[in-house]
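> Take a look and give me a structure for this.
(one chain, ligands or ions: 1)
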Amino acid sequence: MLIALTRAVAPSLNRCELTHLARAPIDVALAVRQHEQYEAALREAGCSIAHAAPEPDLPDSVFIEDTAVVCDEVAVVTRPGAASRRPETAAVTASLRAFRRVEAIEAPGTLDGGDVLVAGRTVYVGVGARSNVEGARQLEERLSPYGYEVRLVPVNGCLHLKSAATLVSPTAVLVNPAWVDALVFASLDIVVVDPGESFAANALLLGDRILYSPAYPRTRALLERRGLRVVPVDLSELAKAEGALTCCSLVFKRDTDLPSPSSTLIAESRIPLKGIQRDPARSASWAMPSF
Ligand code: CIR
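Numbers count the residues shown, from 1 in each chain. Sure thing, here's the model as predicted:
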């Protein structure tokens, strides 16, 4: 069973952060209805919905993806790049404690969950407007004991890595190559968005289907031609706040579905097991790759 942690649309949404879009009036009542339909699609895909406490005065709080990275073994609460969003993390921490051991990113690190794409044990971290190299380094410090490896990905021209690339199957990634170098994902199958649909790379993969905006019909056709099951979910009002499909939930396995502690990779002591330790020389190198 999957849990989808979501958070209500704040009535203050019109005061949201904006980076790449001009401000346009948001119909908050419509945003609420669309968010309800999004939750219905999550349920239909087999998720059980949990709600973090609403934050009416935090305009961007509906975009809960940015506040944490939840893996099977641990949840890492982020330190969002936009100062206005940092108060969002307190209640999310409280919610996640019901499901996972919780760690956190600390200053001077910044990290938005929208910059984190997990594919198996590889964790791609977009470094750009919101997340910095120190945030990525701390994420690796917290996840590497469980065998995860962080790869830095330069992102240009969009808000987050997951504006530019998301998984559409466990082994395939949908990419807008104008915003991220597709070769970063060379170990995966790469599907390129239709060139006329810049924002089309954000899809929410849930088991046998992907939730996807109806605003990108040409890319949707590409996905369907590959045999992918695409479920349209319209979040047009949240899109005016630079939000997309992945942004509005944290989806993770319910802890009862996880392997018992004795069979997981890591002992409670967090001492890395032989074979999954990072090469110290590599760990020490946190320069951004150039492409
Ligand atoms: C922000 O600028 O932080 C919000 N207005 C939008 C955040 C969208 N989140 C995401 O892409 N993960």
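> Look up which residues are beta-bridged to Pro154.
Per DSSP bridges, the residues bridged to Pro154 are Val127.
> Could you do Leu206 as well?
As for beta bridges, Leu206 partners with Arg209 under DSSP bridges.
> Number of residues surrounding it?
By the criterion of other CB atoms under 10 Å, Leu206 has 19 neighbours. The way it works is simple: take the backbone N, C-alpha and C, and place the C-beta from them, glycine included.
> what's the answer for Tyr146, then?
Using other CB under 10 Å, Tyr146 has 18 neighbouring residues.
> Next one: it from Met1, what distance?
Tyr146 is 21 Å from Met1, where distance means CB to CB, to the nearest Å.
> just Ala22 next, same as before
For Ala22, the distance to Met1 - CB to CB - is 41 Å.
> Looking at the two, which is more packed in?
Each of Ala22 and Met1 has its neighbours counted (other CB under 10 Å); Met1 has more, 9 against 6.
> and the nearest residue to that one once chain neighbours are set aside, backbone torsions?
Spatial nearest neighbour of Met1, chain neighbours left out: Arg254 (4.6 Å); criterion: CB to CB, 6 or more residues apart in numbering. For Arg254, the backbone dihedrals (degrees, to the nearest 10) come out as phi -70, psi 140.
> mind checking the end-to-end distance for stretch 189-207?
17 Å (CA to CA, to the nearest Å).
> residues of that stretch that come out buried?
Neighbour-count burial for stretch 189-207 flags 190-193, 197-206 (criterion: 16 or more other CB atoms under 10 Å).
> Can you name the residue of the stretch 101-250 of the chain nearest the ligand?
In the stretch 101-250 of the chain, the residue that lies nearest the ligand is Gly114 (2.5 Å; CB to the nearest ligand atom).
> How about the residues of the protein by the ligand?
16-17, 19, 60, 63, 65-66, 82, 85, 114, 159-160, 162-163, 241-244, 247 (CB under 6 Å from any ligand atom).
> which ones among these are found in helices?
Using DSSP state H, Lys162, Ser163 are the members of these that sit in helices.
> Which members of the residues of the chain next to the ligand are classed as buried?
Neighbour-count burial (16+ other CB under 10 Å) is assigned, among those, to 16-17, 60, 63, 65-66, 82, 85, 114, 159-160, 162-163, 241-244, 247.
> I'd like to know which elements the strand or helix carrying Leu238 is packed against.
Using DSSP states H and E, Leu238 sits within helix 236-239. Using 3 or more CB pairs under 8 Å, 6 or more residues apart in numbering; DSSP states H and E, the elements in contact with helix 236-239 are helix 28-44.
> quick one: pLDDT of Arg270?
With respect to pLDDT, Arg270 scores 34.
> What segments of the protein are helices?
28-44, 89-96, 133-143, 161-164, 217-225, 236-239, 280-283.
> Deepest-packed of the ones you listed, please.
Comparing those by mean neighbour count (mean count of other CB atoms under 10 Å), helix 161-164 ranks first with a mean of 28.
> hang on, isn't Phe63 packed against Thr246?
No. In this structure Phe63 lies outside contact range of Thr246 using CB atoms under 8 Å: 9.5 Å.
> what residues are shared contacts of those two?
Counting by CB atoms under 8 Å, 6 or more residues apart in numbering, the contacts common to Phe63 and Thr246 are Gly114.
> so what's the closest residue to Glu39 other than its chain neighbours scoring on pLDDT?
Ranked by CB to CB, 6+ apart and with sequence neighbours excluded, the top spatial neighbour of Glu39 is Ile49, at 5.5 Å. Predicted confidence (pLDDT) for Ile49: 98.
> got a list of contacts for stretch 162-182?
65, 114-117, 119-120, 124, 126, 153-158, 161, 185, 188-193, 198-205, 210, 219, 223, 226, 228, 244, 246-247, 291.
> Near Gly227, how many other residues are there?
7.
> Which pLDDT value belongs to the residue nearest the centre of the chain?
When CA atoms, centre = their mean is applied to the chain, the residue found nearest the centroid is Gly114 (4.1 Å). Model confidence at Gly114, given as pLDDT, is 98.
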